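Visitor: any chance you can model this:
(one chain, ligands or ions: 1)
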Amino acid sequence: MAWDFSTDPDFQQQLDWMAQFVRAEIWPLETLVEDLDQAALDRIYEPLQQEVKERGLWAAHLDPELGGQGFGQLKLGLMHEILGTSPFAPNAFGCQAPDSGNSEILALAGTNEQKERWLHPLLAGDLKSAFSMTEPNSAGSDPTQLKTRAVRDGDEYVISGHKWFSSNASIADFLIVMAVTDPEARPHQRATMFIVPVDTPGVNILRDVATMEHPRDEFGKLGGHAEIIYEDVRIPAENRLGGEGEGFLISQQRLYPGRIHHCMRWLGVAHRAFDMLCERATYRESHGKTLGEHQTIQNWIADSAAEMQAARLLTLHAAWKMDADGVAAARQDISLIKFYGARVLHDVIDRALQAHGSLGYSTDLPLEAMYRFARAARIYDGPDEVHRQSVARQILRGYAPPPGEVPTEHVPTRRAAARERFADLLEAVTSNE
Ligand SMILES: Cc1cc2nc3c(=O)[nH]c(=O)nc-3n(C[C@H](O)[C@H](O)[C@H](O)COP(=O)(O)OP(=O)(O)OC[C@H]3O[C@@H](n4cnc5c(N)ncnc54)[C@H](O)[C@@H]3O)c2cc1C
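Guide: Purely as a prediction, here's the structure:
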């Protein structure tokens, strides 16, 4: 009977070390980041990354032969719960999005030469990458409609198109670009992935799009979302990842682990907001008692605790399933946690913000930034609606219309069947009376 919720004591020690390291070394960075450019930030990260490497916690998402730790998704989930408490923590541990997902693509689909040239330096932290799929002029939630084209020309491909929300592209060394190679093929076999160095002529990074999360115009900073025009970008054919038409197949392998990593990090963000909610409840007095003595606030605390626990178990269960049975087997579990986790994240932050009143709304606390961050969680890596649709469709495959369209639980029908089945017994009972 294996049904175990405990953490291996050695690994728990690592988690304890991570929790104090992130709080002591990373959280303070958050308050300075506005004043630092990317080069200064990289200098600050360097000794922190060294410490993480010495501790054996660097690039935990990949197998040891690729320079990672081979921890698997479950341990990674427990790690990300801690790293998620700060947007700056994953970078110190070599497992930040989008580099972590991109390294998974390169590990999965890259040739030995591509791994040597791009993957190893990416894992070592010497290169940065971005994933460039979404376009302003086609629905990102249905990427079979992609418009960006890659046309073979001798030993080269020529890429033309318009992308946006390519996270970190303005600080990246290379982009993984999804482009249509055969518009006549079946929808999921039209696109192919390519490695495109950012300094290739024709790669025009126009701007980092200002967003709810980063409302001011900025360029060239960690976490920016770039808009890019690819104008007759010529790349050698050996920069193609996998075969022509395999873009969707490969991207699914990247997106499933990438999605669950987001959900794991959200647990950390939600917990940080929850701690703020509870702390506030202990001292702020209103109408003759502390907030924690008002039933509404008590409900918020209890509801948040229950929802966070549910999200945590759903996330860790999906991770466990990926480890046990592979990425495809966990598809439904990942969709479930993607939309459920995004809602829990939002609701817990919303309550914590509300409990802090005007202070919560101000930039004197990180809650307003968390709130803006949480809103995006319902959109990226598949909007809520698409995940719900996918879950419902998979569930409905297990159901069929009942005979004669009479509901299986229809009481009069069941009663008639039960009367028939127990006719002897009923007759005996009746005749005894
Ligand atoms: C913070 C952030 C980071 C991102 N990073 C990247 C990145 O690094 N690389 C990259 O390529 N992309 C990235 N994206 C883009 C993201 O993946 C897309 O925004 C997402 O796939 C949705 O595509 P869209 O914006 O074109 O919205 P659309 O596809 O136009 O969808 C708009 C809305 O339509 C509704 N909708 C769509 N389909 C359905 C349906 N089947 N049923 C019901 N309603 C539906 C939903 O409400 C959805 O939100 C990022 C986005 C954000 C916000």
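Visitor: got a pLDDT number for the nearest residue to Lys115 once chain neighbours are set aside?
Guide: Nearest non-adjacent residue to Lys115, counting by Cβ to Cβ, 6 or more residues apart in numbering: Leu106, 6.1 Å away. (Each C-beta comes from the backbone N, C-alpha and C, glycine too.) Predicted confidence (pLDDT) for Leu106: 93.
Visitor: likewise for Asn432?
Guide: pLDDT, Asn432: 67.
Visitor: ok, Gly67 next?
Guide: 69.
Visitor: and the longest helix seen in the chain, what other elements does it pack with?
Guide: When the chain is scanned for its longest helix (criterion: DSSP state H), the result is helix 247-283. In terms of contacts (3 or more Cβ pairs under 8 Å, 6 or more residues apart in numbering; DSSP states H and E), helix 247-283 is packed against helix 72-83, helix 99-109, strand 174-180, strand 191-197, strand 289-290, helix 295-325, helix 331-355, helix 367-377.
Visitor: and the shortest one, which strands flank it?
Guide: Okay, so that is strand 289-290. Here strand 289-290 is paired, per DSSP bridges, with strand 285-286 (antiparallel).
Visitor: SS state for the closest residue to the ligand within the chain?
Guide: Closest to the ligand within the chain is Gly140: 2.4 Å, counting by Cβ to the nearest ligand atom. Secondary structure, DSSP: H, G, I helix; E, B strand; the rest coil: Gly140 is coil.
Visitor: contacting residues around the nearest residue to it once chain neighbours are set aside?
Guide: Of all residues not flanking Gly140 in the chain, Thr134 sits nearest, at 4.0 Å (Cβ to Cβ, 6+ apart). Counting by Cβ atoms under 8 Å, 6 or more residues apart in numbering, Thr134 makes contact with Gly140, Pro143, Lys163, Trp164, Phe165, Ser166.
Visitor: one step back: can you count the residues close to the residue of the chain closest to the ligand?
Guide: The local packing of Gly140 (other Cβ atoms under 10 Å) involves 20 other residues.
Visitor: surely it touches Met133?
Guide: Yes - using Cβ atoms under 8 Å, Gly140 is in contact with Met133, at 7.3 Å.
Visitor: for the residue nearest to the spatial centre of the chain, what are its contacts?
Guide: The residue lying closest to the centre of the chain (Cα atoms, centre = their mean) is His262, at 2.6 Å. Residues near His262 by Cβ under 8 Å, 6+ apart: Ala97, Lys338, Gly341, Ala377, Tyr380, Asp381.
Visitor: quick one: the helices in the stretch 1-150 of the chain, in order.
Guide: Assigned by DSSP state H, counting those that start in this stretch, the helices in the stretch 1-150 of the chain fall at 9-21, 27-30, 38-54, 72-83, 89-92, 99-109, 112-114, 120-124.
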